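Undergrad: Coordinates for the following, if possible.
(chains A and B)
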Amino acid sequence: DTAVSQTPKYLVTQMGNDKSIKCEQNLGHDTMYWYKQDSKKFLKIMFSYNNKELIINETVPNRFSPKSPDKAHLNLHINSLELGDSAVYFCASSRNTYEQYFGPGTRLTVT
Amino acid sequence: SQQGEEDPQALSIQEGENATMNCSYKTSINNLQWYRQNSGRGLVHLILIRSNEREKHSGRLRVTLDTSKKSSSLLITASRAADTASYFCAPQDRGSTLGRLYFGRGTQLTVWP
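TA: Next up is the predicted model:
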């Protein structure tokens, strides 16, 4: 019974391509997040949605666009991928301001 | 910076020993959370301590919070090889947007059998 799932787990693609990562949670939470973890393990928030409304939009390139079709899903679309986008991307969800539940991560490698 | 900063960056101990990790932060907080990340996996929530609490226990975990010093510590007692992981603290800023946490780079704990 996976709580927060992400697909794909691994994504290898070339510079300039467009790709999407999908996230789904079955916890009934109203807030979802996207994080980026770099090679030095620094975990930084990118976006957050509460009840399908964007509430956190960190300083990320506008090549990154989140989409929340409903409360249970938050997808991340990335246009014109660059080498520096290589990282592990984590989706998370929470109920209000309480603990966050993380997905298993998507390792993106841009060549 | 509002992120939590863990210290030490790396800690290596033998099974059965206690492990203590520290966290410092710079702002006023609603709460502070600790998470564990096993290699290649997502983060798992361990414990949440509110700003009006000083100490909290969960199994072999003990967390303290000193808001006057803006610091927290995580103690794992009687460590096991399975405790090997990275540990992150995440302060939740009092004035922050709903649910926002500020993670640092974590403490890499290695427990040798």
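
Undergrad: and A:L54, how far is that from chain B?
TA: 10 Å (Cβ to the nearest Cβ, to the nearest Å). (C-beta placed from N, C-alpha, C; glycine too.)

Undergrad: and that residue, how many residues sit next to it?
TA: 12 (other Cβ atoms under 10 Å in any protein chain shown).

Undergrad: next one: B:L48
TA: Counted with other Cβ under 10 Å, B:L48 comes out at 19.

Undergrad: That one - that's part of a helix, no?
TA: No: secondary structure assignment (DSSP: H, G, I helix; E, B strand; the rest coil) places B:L48 in strand, not in a helix.

Undergrad: who touches the spatially closest residue to it that is not a sequence neighbour in this structure?
TA: Closest residue in space to B:L48, ignoring its immediate chain neighbours: B:Q33 at 4.8 Å, by Cβ to Cβ, 6 or more residues apart in numbering or on different chains. By Cβ atoms under 8 Å, 6 or more residues apart in numbering or on different chains, B:Q33 lies in contact with A:E99, A:Q100, B:H45, B:L46, B:I47, B:L48, B:I49, B:C89, B:A90, B:P91, B:Q92, B:L101.

Undergrad: The lowest-mean-pLDDT helix or strand in chain A: how far from the chain's middle?
TA: Ranked by mean pLDDT, DSSP states H and E, the weakest helix or strand in chain A is strand A:53-57, scoring a mean of 83. Relative to its parent chain, strand A:53-57 has a centroid offset of 13 Å by Cα atoms, centre = their mean, to the nearest Å.

Undergrad: Name the spans of chain B whose pLDDT lies under the cut-off.
TA: B:1-2, B:96-98 (pLDDT under 70).

Undergrad: Which parts of it are strands?
TA: Using DSSP state E, the strands assigned to chain B run over residues B:5-7, B:10-14, B:19-24, B:29-37, B:43-50, B:55-58, B:61-66, B:71-76, B:85-93, B:107-112.

Undergrad: partner strands of the fifth one, parallel or antiparallel?
TA: What it means is strand B:43-50. Taking DSSP bridges as the criterion, strand B:43-50 forms sheet pairs with strand B:29-37 (antiparallel).

Undergrad: again with the last one
TA: On the basis of DSSP bridges, the sheet neighbours of strand B:107-112 come out as strand B:10-14 (parallel), strand B:85-93 (antiparallel).
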